[in-house]
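*Asks:* this one's structure only:
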């Protein structure tokens, strides 16, 4: 019987089987940090109040996740327009349950002040240029993902791996990857804003994909280009070249990790839009490069703020993955979400989640699912643990 604290939005039977299989198990958490200059565009993201703040969001989140609220941070959590970083949620669970954490730097502007595995990547340029990264870098990151997925899974055996991310601006690169793979994603992705900035994201994605096609000698085409993106691109795209053109460094790493780990253990991709894009990428890469993986071992785990975001269409997006010729091996993944609510929190920073400010990040939703699965934590236990983190942080900062 699935936990009453977890909803399954797609592939219900497969999702229920996965939850039954890993009930009582403690996961291992891998978090892949990356950066795209897309995240510096004014208004593109609320994960840091200013573009300057957003340069350090991943470093700050990693430091808090690893050390907790009492640590004097080299990179303090950035101020937000409203709400509190989702890393508070992840830290509350991982600290309480003593879940092992592995942090990976896939490409950041500066090194985080925590023990981190440096994958030798680079940050991505803005996706609108259609040349975000060198293809050699993307191949290297993908191979590192395969290597680390295999290594982590070897030590997990009968349990599962949660793979999370922190990439500011990552829902926009996700939209670019999904669209480039021929998946109808416009107007369906999430954002850290209360009302998703779909028009801003779509304009960047159009510009990047047009430049990518232009560099391959396929000229652009007027007002009809929205409709012809899919047919023009999907028949000829190499998924790793697509990442190089319009993606971010996290995507190639997580795709590799999940492919390799799925062969021997369960995998929960921790996030919403970004991990649906990675799932589509996994399926496309597996097909393009004839790689074996186990789709039934992989689920996407997030928060209900993402799954039920009224200004996105996360469930529709997940279903659209199954309607695409480029992603046949994966189809639609089970989309799971924690029921966590902050409606009754005594902290306004947490209640802001219920107004749409902040929704997910640093594996927050998957962490809560893990707490439900392994310890049968209920809403009141999660809320108490998260509020305790916030209280400790407030004391430490005062």
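*Replies:* Noted; the coordinates are in hand. Keep in mind it's a predicted model, so treat the numbers as computed, not measured.

*Asks:* C-alpha only now, for contacts and for neighbours.
*Replies:* Will do.

*Asks:* what's the straight distance from one end of stretch 303-319 to the other?
*Replies:* With CA to CA, to the nearest Å as the measure, stretch 303-319 spans 18 Å from end to end.

*Asks:* show me the strands in the chain, by range?
*Replies:* Remark: strands assigned in the chain by DSSP state E are 6-8, 28-34, 101-107, 117-118, 160-166, 266-270, 298-303, 335-338.

*Asks:* output the contacting helices and strands for the last one.
*Replies:* Counting contacts by 3 or more CA pairs under 8 Å, 6 or more residues apart in numbering; DSSP states H and E, the secondary-structure elements packed against strand 335-338 are strand 6-8, strand 298-303, helix 304-307, helix 364-375.

*Asks:* CSV please, covering the ones you listed and showing mean neighbour count and mean pLDDT.
*Replies:* Formatted as CSV, the helices and strands packed on strand 335-338 follow (neighbours: other CA atoms under 10 Å; pLDDT from 0 to 100):
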stretch, mean neighbour count, mean pLDDT
strand 6-8, 21, 96
strand 298-303, 30, 98
helix 304-307, 24, 95
helix 364-375, 25, 97
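
*Asks:* for these, which one sits closest to residue 351?
*Replies:* Proximity to residue 351, assessed across the helices and strands packed on strand 335-338 by CA to CA, is greatest for helix 304-307 (11.9 Å).

*Asks:* what does the closest one contact?
*Replies:* 9, 190, 272, 313-315, 337-340, 353-354, 356, 359-360 (CA atoms under 8 Å, 6 or more residues apart in numbering).

*Asks:* tell me who's in contact with the closest residue to residue 18 other than its chain neighbours.
*Replies:* Leaving out its chain neighbours, the residue that sits closest to residue 18 by CA to CA, 6 or more residues apart in numbering is residue 297, at 7.3 Å. By CA under 8 Å, 6+ apart, the contact set of residue 297 is 18, 262-263, 265-267.

*Asks:* next: residue 159.
*Replies:* 22, 25-27, 265-266.

*Asks:* wait, isn't residue 239 in contact with residue 284?
*Replies:* Yes: counting by CA atoms under 8 Å, residue 239 does reach residue 284; the two are 6.3 Å apart.

*Asks:* which neighbours do those two share?
*Replies:* Counting by CA under 8 Å, 6+ apart, the residues touching both residue 239 and residue 284 are residue 181.

*Asks:* sorry, back to before: can you list the contacts of residue 159 in a markdown table and add distance to residue 70 and pLDDT?
*Replies:* A markdown table is the format used below for the contacts of residue 159 (distance: CA to CA, whole Å; pLDDT from 0 to 100):
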| residue | distance to residue 70 | pLDDT |
| --- | --- | --- |
| 22 | 33 | 97 |
| 25 | 29 | 95 |
| 26 | 25 | 95 |
| 27 | 25 | 97 |
| 265 | 34 | 96 |
| 266 | 33 | 97 |
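
*Asks:* for these, which one is nearest residue 153?
*Replies:* For these, the nearest to residue 153 is residue 265 (6.1 Å; CA to CA).

*Asks:* please report the distance of the closest one from residue 160.
*Replies:* 5 Å.

*Asks:* looking at those two, which one has more neighbours?
*Replies:* Under the criterion of other CA atoms under 10 Å, the comparison of residue 265 against residue 160 puts residue 160 first, with 26 against 23.

*Asks:* what about the helices in the stretch 151-300 of the chain?
*Replies:* For the stretch 151-300 of the chain, the helices defined by DSSP state H, counting those that start in this stretch cover 170-180, 198-215, 225-234, 239-246, 249-262, 273-288.

*Asks:* could I get these as CSV with distance to residue 40 and mean neighbour count?
*Replies:* Listed next are the helices of the stretch 151-300 of the chain as CSV, based on distance: least, CA to CA, whole Å; neighbours: other CA atoms under 10 Å:
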stretch, distance to residue 40, mean neighbour count
helix 170-180, 11, 28
helix 198-215, 13, 19
helix 225-234, 25, 15
helix 239-246, 15, 26
helix 249-262, 16, 29
helix 273-288, 18, 25
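
*Asks:* need the least confident one among those, by mean pLDDT.
*Replies:* Mean pLDDT values for those show the minimum at helix 225-234, a mean of 48.

*Asks:* now the strands of the chain in JSON lines, with distance to residue 147?
*Replies:* Shown next, in JSON lines, are the strands of the chain (distance: least, CA to CA, whole Å):
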{"stretch": "strand 6-8", "distance to residue 147": "31"}
{"stretch": "strand 28-34", "distance to residue 147": "13"}
{"stretch": "strand 101-107", "distance to residue 147": "13"}
{"stretch": "strand 117-118", "distance to residue 147": "12"}
{"stretch": "strand 160-166", "distance to residue 147": "14"}
{"stretch": "strand 266-270", "distance to residue 147": "15"}
{"stretch": "strand 298-303", "distance to residue 147": "18"}
{"stretch": "strand 335-338", "distance to residue 147": "26"}
